[in-house]
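quick check, what structure comes out for this input:
(2 chains, ligands or ions: 2)
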Amino acid sequence: MIIASMRSRMEYKLSFIFMFFALLVFYAGQVGVVVLIVTKFHHIAGWTLGEMAFLYGLLVFSQGLTAILFYSLNDFESYMINGDFDRLLVRPLNPLGQIVSSKFEIASMAHFLIGTTALIFGAQKAGIDWTLGKVAYLPVVFIGAVLIQGGIRLAVSAVAFWTTRNSSLVHTVIYSSKEMIMYPVSIYKMWMQVFLTLVFPLAFVNFYPSHYFLNRGAGDLLFHPLIQYLTPLTGTIVFVFGYWLWNQGMVRYQSVGN
Amino acid sequence: MNAKQADKTVIKVDNLRREFKVAEAKEGILGSFLNLFSRKERIVKAVDGITFDIGIGEFVGYVGENGAGKSTTIKMLTGILTPTNGSVEVAGIIPYENRIENAFNIGVVFGQRTQLWWDLPARDSFDLLRAIYRLPQERYERNFRELTEALDLSKLLTVPVRKLSLGQRMRCDLAASMLHNPKILFLDEPTIGLDLIAKDAVRKFLKFINHTRDVTIILTTHDMEDIEALCERIIIIDEGTIAYDGSTEKLKQDHIHTKILEVEFHDYNPELENLPMLEVIKSEANKKWLRYNLDGTSMHDIISTLFRDYCVKDLSIHEPKVSDVIKAIYKNGGMERASVND
Ligand SMILES: Nc1ncnc2c1ncn2[C@@H]1O[C@H](COP(=O)(O)OP(=O)(O)O)[C@@H](O)[C@H]1O
Ligand SMILES: [Mg+2]
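Numbering: from 1, shown residues only, chains lettered A, B, ... in the order given. Ligands and ions are numbered 1, 2, ... in the order given. Here you go, the predicted structure:
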């Protein structure tokens, strides 16, 4: 099925090139704002430019991974609206697997370009000493971060089983989650930090694990220092929750009447 | 159908129900959130307690008017919908619980929607299906050859599905549904919107596979002519309940006493004084649609009088509409449950 989607994608080469550059421009804009702020004030909430870049790199890179895997869920409501989900249910494959493999957004490669650049630049500038532990923990953090963001996307998509339409919710969640953790979570008010830790645990995508990589100590951590290592656990919990909600939704699937 | 086949049941449906909650959805982000918690709901009983068994190799017509509950039943049998109540078993499997296992046993065709990949030529869709159903290469090739020949697909295979006509697409869909040798084939209104030639191709193919492979076929339709041409057994569903389940032959004997005659005259449209037993249902330009009673005058007399006294250009005989059949059943004493083997 991946081949099938690649094939039909090929026909849209132009749209691919356009998407790719649109993403680049979008992120260039984001980066520009951050650089402007940091150079003006030297740091944000005690975070230097290099540290901010590393934080941002973790976010964008893991977002790229998430987008590659779950991009096709963005338009999940169309499966509900025109009943295309029917077709997935009569094939001998997991419906979720069929959806995530149906579209392959090559343009999300732009995420990797920017993410990698930010990570390398940030690590250099902030002078990260790459111990064995850090080298080993980095991919684990990526996996955890993908599980968190993927689990959230899954849960938000599953809402469509109840409401049919969910695109405004999907877009709000995806875009606001990018915005919310671009900056160190410690700049927010207490309730927001709690929200981003316990309810909508995006702080585990980049903020908490960065403390470990940057040897930042526990100064601006709201909770126990151990929290730096909890990204994979949080990811597992969020993803299991998302998948559970998805399965609950499938039982309630109503199809469409003609 | 013989007795030996009849006791091998492949589909068991027992007191099956499905309700739909129809909501007035609120728009927007806040709306879709609020919809989660509270909404005004109306309950539609689409399928309201149906019971039947179907034996291996049977060809059953599942008939009803629009909104009767045909598609909802098919969706429960194929694992798309979870029943609200009651039980359903297909080849020993509960479809909504074991969707994947069930998928290997069944073929599904929806008249209004293709199972193929819209942007790909049918050939590529078939290849994908081969991979999805994990078909051994040589079995796939044998099926492929047999099906493309039976449905005359050779010229259609390289055209993207979205460019095919409805009839051509339906032929490709039929082939796709049979590639993995399903035991049971579900067809939901496969002839809807097709012209006569395409309908005929579909019917011929269904007859062919019902005979050559021991496939059990359930076909929904609101066209009595499909049933007349194909199904020994008919189940009529009306407002979610079964109005008739029995042999097509018996239904005709007991309840279908009329047929429709469509007559085209040579550039005029006469009053038919010599044929008072014909009820005019519709009259248009030089055509008339006439209902006649099978118990009265013989068909031979009617037609010979027509040709003798009037200038007839063309003539065809139609089965009555489903709605007329249902009316007749209710008039003759309501619910009827004749067994297939009577
Ligand atoms: N997904 C759905 N949501 C709400 N109502 C539905 C849905 N599917 C079917 N219905 C309603 O259930 C009834 C039966 O529909 P259906 O099974 O599609 O009938 P048929 O296939 O015989 O035309 C209709 O009143 C229809 O409006
Ligand atoms: Mg229908």
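
ligand 1 contacts on the stretch 151-300 of chain B?
Contacts of the stretch 151-300 of chain B with ligand 1, taken as CB under 6 Å from any ligand atom, are absent. Glycine gets a C-beta too; all of them are placed from N, C-alpha and C.

which parts of the stretch 151-300 of chain B are strands?
Remark: strands assigned in the stretch 151-300 of chain B by DSSP state E, counting those that start in this stretch are B:184-188, B:216-221, B:233-238, B:241-247, B:258-265, B:279-284, B:287-293.

these two touch, right, residue B:312 and residue B:304?
No - the criterion here is CB atoms under 8 Å, and residue B:312 misses it with residue B:304 at 10.8 Å.

okay, those two: which has more neighbours?
Higher neighbour count among residue B:312 and residue B:304: residue B:312, with 14 against 11, using other CB atoms under 10 Å in any protein chain shown.

need the contact list for the closest residue to that one other than its chain neighbours.
Leaving aside its sequence neighbours, residue B:312 sits nearest to residue B:306 (CB to CB, 6 or more residues apart in numbering or on different chains; 5.6 Å). Neighbouring residues of residue B:306 by CB atoms under 8 Å, 6 or more residues apart in numbering or on different chains: B:263, B:272, B:275, B:312, B:315.

sorry, back to before: out of the strands of the stretch 151-300 of chain B, flag the one nearest residue B:141.
strand B:184-188 (20.9 Å; CB to CB).

now do that closest one: everything it contacts.
Taking CB under 8 Å, 6+ apart as the rule, strand B:184-188 contacts B:10-11, B:70-71, B:74, B:77-78, B:90-91, B:105-112, B:177-178, B:206, B:209, B:215-220.

output the below-cut-off pLDDT ranges for the stretch 101-250 of chain B.
Nowhere does the stretch 101-250 of chain B drop to pLDDT under 70.

around chain A, pick out the residues from it.
B:101, B:103-104, B:106, B:108, B:110, B:112-113, B:115, B:117, B:119-120, B:124, B:128, B:132-133 (CB under 8 Å from any CB of the partner chain).

pull the number of nearby residues for residue B:234.
Residue B:234: 24 neighbours (other CB under 10 Å).

tell me the bridge partners for it.
Applying DSSP bridges to residue B:234 gives these bridge partners: residue B:61, residue B:246.

now it: how far from residue B:98?
29 Å (CB to CB, to the nearest Å).

how far off centre is the helix or strand harbouring residue A:136?
Assigned by DSSP states H and E, residue A:136 falls within helix A:132-163. Here helix A:132-163 is found 7 Å from its chain centre; the criterion is CA atoms, centre = their mean, to the nearest Å.

cool, and stretch B:85-103?
Distance of stretch B:85-103 from the chain centroid (CA atoms, centre = their mean) equals 21 Å.

in stretch A:220-236, which residues are buried?
A:220, A:221, A:227, A:228, A:229, A:230, A:231, A:232, A:234, A:235 (16 or more other CB atoms under 10 Å in any protein chain shown).

does the helix or strand hosting residue A:169 come close to chain B?
Residue A:169 belongs to helix A:167-180 when assigned by DSSP H and E. Yes - residues of helix A:167-180 contacting chain B under CB under 8 Å from any CB: A:168, A:169, A:172.

ok, the residue lying closest to residue B:203 once chain neighbours are set aside to residue B:202 distance?
Distances taken as CB to CB, 6+ apart place residue B:229 nearest to residue B:203, at 5.0 Å, with adjacent residues excluded. Distance, residue B:229 to residue B:202, using CB to CB: 10 Å.

neighbour count: those two, which is higher?
Applying other CB under 10 Å to residue B:229 and residue B:202 shows that residue B:202 carries more neighbours, namely 26 against 18.

surely that one is in contact with residue B:170?
Yes - Residue B:202 lies in contact with residue B:170 (CB under 8 Å); the separation is 6.2 Å.

what residues do the two have in common as contacts?
B:190, B:194.

who's in contact with residue B:95?
B:76, B:77, B:78, B:79, B:88, B:102.

okay, now the fourth one: neighbour count?
As a burial measure, residue B:79 scores 25 neighbours (other CB under 10 Å).

same question for the one 3 residues further on.
Look at residue B:82: counted by other CB under 10 Å, it has 17 neighbours.

residues touching the closest residue to ligand 1 within the stretch 151-258 of chain A, list them.
Scanning the stretch 151-258 of chain A for the residue nearest ligand 1 gives residue A:257, at 3.0 Å (criterion: CB to the nearest ligand atom). With contact set as CB under 8 Å, 6+ apart, residue A:257 has these partners: B:20, B:46, B:67, B:71.

how about the helix or strand where the second one lies: buried residues?
With elements delineated by DSSP H and E, residue B:46 resides in strand B:41-55, which encompasses its position. For strand B:41-55, the buried set under the neighbour-count rule, 16+ other CB under 10 Å, comprises B:45, B:46, B:47, B:48, B:50, B:52, B:53, B:54, B:55.

got it, and stretch B:226-236?
B:226, B:227, B:229, B:230, B:231, B:233, B:234, B:235, B:236.

wait, which of those residues is closest to ligand 1?
residue B:236 (11.1 Å).

that'll do, ta.
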